[in-house]
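*Asks:* attaching a predicted model along with its sequence, questions to come.
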Amino acid sequence: MSIRKGNTVIAGDASQNTYTKSEINSIISGINDVLDTKSNKDLSDLSDEGKNISNWSNNVTNCITKIPQDIKLELDVVTHTVTLKKGSKIWYPNGFEQDGTTLKFSYIITEFDVSITSNTPDTGDITRLIYYNITNNTLVIYTSNSTGTSPASGANQVLYNTNTNKIEIYDNNVKRNADFSFPLGSILGNTNSAYHSFISIFNGFGYIGSTIFCLPGVEGLAPNGFNDDGTYKNVHFIIPKVKIQTRTWSTYNTQGYVYDVTTNTLHIVNYCTELDGRSLLSYTLFYNSEENKTYYTDSDRYNISDSNLKVFLGYLKADGTSAFKGITLPKVNRLPNAYNPHLMMTLFQDNSYIRVWSDGWCEQGGQLTPSADPSNITFLLPFRDTNYFIQLSVQDTSPTDFALTVASWNTKATTYIQVYQGYNGSSQRMPMMWEAKGYIF
């Protein structure tokens with residue numbers, strides 16, 4: 001038996017049937033190396049590295065494979081406090097480069113936690129955006145936001161000024177003398193609290209007014225047909241710098257936003273997943289799964305042309321005038337094996353066994369003769385959480401004693417489980433068989 005990463009054997013020997021304890025540990029270490037590279041988590045679980053596998057490009061397509069988790073926001077629902085954690089990477093529009101025309105975007109890394117609290121509830125559901133004051137190192141949270149060259153009417157406004165490439169905040173029509181970040185996320189206020197729950201954290205993507213922005217480091221796979229063996233042919237891309245796109249409309253309440261790999265630009269378009277005359281509109285991007293390509297329509301919805309290399313990212317919700325009111329953020333694509341699991345490995349040795357499936361499901365078991373109560377069963381591979389299943393059974397080695405022997409568990413951890421063996425009619429402790437099943441990633 002062997003463990004492979006791509007086409008490389010990283011542990012074990014396919015021709016070997018038995019293993020020493022050190023060899024088993026080497027194989028388990030090899031499994032952990034493979035598991036550490038899998039991308040099988042939602043955005044909220046991702047590390048900064050994204051935990052992406054390097055050789056999956058021909059198994060998935062038209063997707064995002066990594067989103068840097070740079071913005072670290074926390075919400076204390078008891079004290080109604082929003083905190084931006086130390087080490088967050090904050091991007092902000094910062095005027096123009098020396099040529100006077102190229103937009104300039106800068107970032108800072110926060111050096112300490114920053115918090116803001118509100119104990120005043122709202123009269124109803126209200127969405128606000130969260131910003132970082134670059135000049136004063138504080139958080140600010142505002143409801144109204146727009147894109148343009150002057151603020152909208154009203155007492156308190158946030159403006160993404162396209163003339164200056166700056167985010168400006170106006171209190172009672174007076175502009176604050178400070179630089180502000182792109183929005184860090186959106187938060188819901190209600191009758192219980194102005195800071196009730198996060199709606200979205202703008203890692204990778206976000207919006208302000210009628211402008212969507214994409215931050216550097218996002219990676220993905222653009223569909224580009226099929227290889228000769230029938231697997232997906234893709235173009236891997238990394239968004240190298242901040243990208244923005246502004247669009248205003250009043251016709252459609254929901255639009256898709258896509259990334260054009262060929263031109264390295266963002267677009268806001270209608271979007272549908274397959275060619276369907278009932279949903280196809282003018283200026284629509286659609287994905288054709290039979291060809292693994294994207295196509296585009298112009299003003300004539302049936303005038304279809306190749307769209308170059310574009311990847312669908314998510315949806316934007318508009319307020320029917322000129323601003324966004326919400327965003328559907330993309331999720332990192334799971335491996336297709338998560339939907340069609342296959343057996344990755346099986347190992348039997350010294351009354352122990354382990355079976356690992358491609359979707360993270362693991363079955364493992366063994367034998368223990370407890371020396372005391374309680375005793376610990378240590379798993380061969382740790383589980384993802386404690387929501388695993390455990391089964392215990394006891395071998396009665398002295399049936400003539402009419403012993404009543406019971407096995408039970410008390411404490412569950414991801415790496416072990418604490419068990420007891422109760423017996424009546426015999427003082428002899430007996431072998432216990434155990435089996436545990438659950439997800440390890």
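*Replies:* Structure received. Numbers count the residues shown, from 1 in each chain.

*Asks:* and Trp208, bridged to which residues?
*Replies:* Careful, residue 208 is Ile and not Trp. Beta-bridge pairing of Ile208 under DSSP bridges involves Thr211.

*Asks:* quick one: low-confidence ranges for the stretch 51-200 of the chain?
*Replies:* 51-59 (pLDDT under 70).

*Asks:* just the terminal-to-terminal distance for stretch 122-139.
*Replies:* 19 Å (CA to CA, to the nearest Å).

*Asks:* sorry, slip of the keys, the one I care about is stretch 220-240.
*Replies:* This stretch, stretch 220-240, spans 12 Å end to end (CA to CA).

*Asks:* from Asn177, how far off is Asp171?
*Replies:* 11 Å (CB to CB, to the nearest Å). (Each C-beta comes from the backbone N, C-alpha and C, glycine too.)

*Asks:* neighbour count winner among the two?
*Replies:* Using other CB atoms under 10 Å, the more surrounded residue of Asp171 and Asn177 is Asp171, with 12 against 8.

*Asks:* what about the more buried one, distance to Gln157?
*Replies:* 9 Å.

*Asks:* same question, Lys243
*Replies:* In terms of CB to CB, Lys243 sits 25 Å off from Gln157.

*Asks:* cool, Thr262 as well?
*Replies:* For Thr262, the distance to Gln157 equals 37 Å [CB to CB].

*Asks:* neighbour-wise, which of the two wins?
*Replies:* Gln157 (21 against 12).

*Asks:* can you read off the pLDDT for the residue nearest to Thr369 when sequence neighbours are not counted?
*Replies:* Closest residue to Thr369 apart from its sequence neighbours, by CB to CB, 6 or more residues apart in numbering: Pro431 at 4.8 Å. pLDDT for Pro431: 83.

*Asks:* can you name the residues that contact Pro431?
*Replies:* The contact partners of Pro431, by CB atoms under 8 Å, 6 or more residues apart in numbering, come to 367-369, 394-395, 397.

*Asks:* out of those residues, the closest to Asp125 would be?
*Replies:* Leu368 (54.4 Å; CB to CB).

*Asks:* now that closest one: closest residue in space, sequence neighbours ignored.
*Replies:* Excluding its sequence neighbours, the residue lying closest to Leu368 (CB to CB, 6+ apart) is Met432, at 5.0 Å.

*Asks:* could you tell me how many residues sit around that neighbour?
*Replies:* 21.

*Asks:* could you do Asn163 as well?
*Replies:* Neighbours of Asn163 using other CB under 10 Å come to 8.

*Asks:* ditto for Tyr295
*Replies:* Residues near Tyr295, counting by other CB under 10 Å: 17.

*Asks:* rounded mean pLDDT for the host helix or strand of it, please.
*Replies:* Element membership of Tyr295 [criterion: DSSP states H and E] is strand 293-297. Per-region confidence: strand 293-297 scores 81 on mean pLDDT.

*Asks:* so what strands line up beside that strand?
*Replies:* Paired strands of strand 293-297, defined by DSSP bridges, are strand 284-288 (antiparallel), strand 304-306 (antiparallel).

*Asks:* which stretch in these is the model least sure about?
*Replies:* When I compare these, strand 304-306 is least confident, with a mean of 69.

*Asks:* right, and the helix or strand after that one?
*Replies:* strand 310-318.

*Asks:* buried ones in that following strand?
*Replies:* For strand 310-318, a neighbour-count test (16 or more other CB atoms under 10 Å) marks 310-314, 316, 318 as buried.

*Asks:* what do you get for stretch 91-110?
*Replies:* 91-94, 105, 107, 110.

*Asks:* confidence score at Gly209?
*Replies:* 90.

*Asks:* give me phi/psi at it?
*Replies:* phi 60, psi -120 (degrees, to the nearest 10).

*Asks:* if I pick it, what's in contact with it?
*Replies:* With contacts defined as CB under 8 Å, 6+ apart, Gly209 is in contact with 145-148, 159-160, 246, 322-324.

*Asks:* for it, give its distance to Ser106.
*Replies:* 20 Å.

*Asks:* just Tyr131 next, same as before
*Replies:* As for Tyr131, its distance to Ser106 is 15 Å (criterion: CB to CB).

*Asks:* with Ile268 instead?
*Replies:* 25 Å.

*Asks:* distance of Cys63 from Lys104?
*Replies:* For Cys63, the distance to Lys104 - CB to CB - is 31 Å.

*Asks:* so where do the helices sit in this protein?
*Replies:* 21-35 (DSSP state H).

*Asks:* give me the domain ranges for it.
*Replies:* Following automatic domain parsing, the chain resolves into domains at 39-67+215-334, 73-202, 340-439.

*Asks:* can you give me the strands in the stretch 51-200 of the chain?
*Replies:* Taking DSSP state E, counting those that start in this stretch as the criterion, the stretch 51-200 of the chain carries its strands at 63-66, 73-76, 81-84, 89-96, 103-109, 114-117, 126-133, 138-142, 145-148, 156-161, 166-171, 174-175, 185-189, 197-201.

*Asks:* any chance of the strands paired with strand 293-297 in a markdown table, with distance to Asn351 and mean neighbour count too?
*Replies:* Converted to a markdown table, the strands paired with strand 293-297 look like this (distance: least, CB to CB, whole Å; neighbours: other CB atoms under 10 Å):
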| stretch | distance to Asn351 | mean neighbour count |
| --- | --- | --- |
| strand 284-288 | 51 | 20 |
| strand 304-306 | 60 | 12 |
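
*Asks:* as a markdown table, the ones you listed with distance to Ala222 would be great.
*Replies:* Output for the strands paired with strand 293-297, formatted as a markdown table (distance: least, CB to CB, whole Å):
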| stretch | distance to Ala222 |
| --- | --- |
| strand 284-288 | 11 |
| strand 304-306 | 13 |
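
*Asks:* low-confidence stretches in the stretch 301-441 of the chain?
*Replies:* 301-305, 307, 319-323, 331-345, 358-359, 396-406, 422-428.

*Asks:* so the nearest residue to Asn192 once chain neighbours are set aside versus Asn190, what's the distance?
*Replies:* Nearest residue to Asn192 in three dimensions, chain neighbours excluded: Pro121, at 5.8 Å (CB to CB, 6+ apart). Counting by CB to CB, the separation of Pro121 from Asn190 is 7 Å.

*Asks:* could you do Asn308 as well?
*Replies:* Distance from Asn308 to Asn190, by CB to CB: 44 Å.
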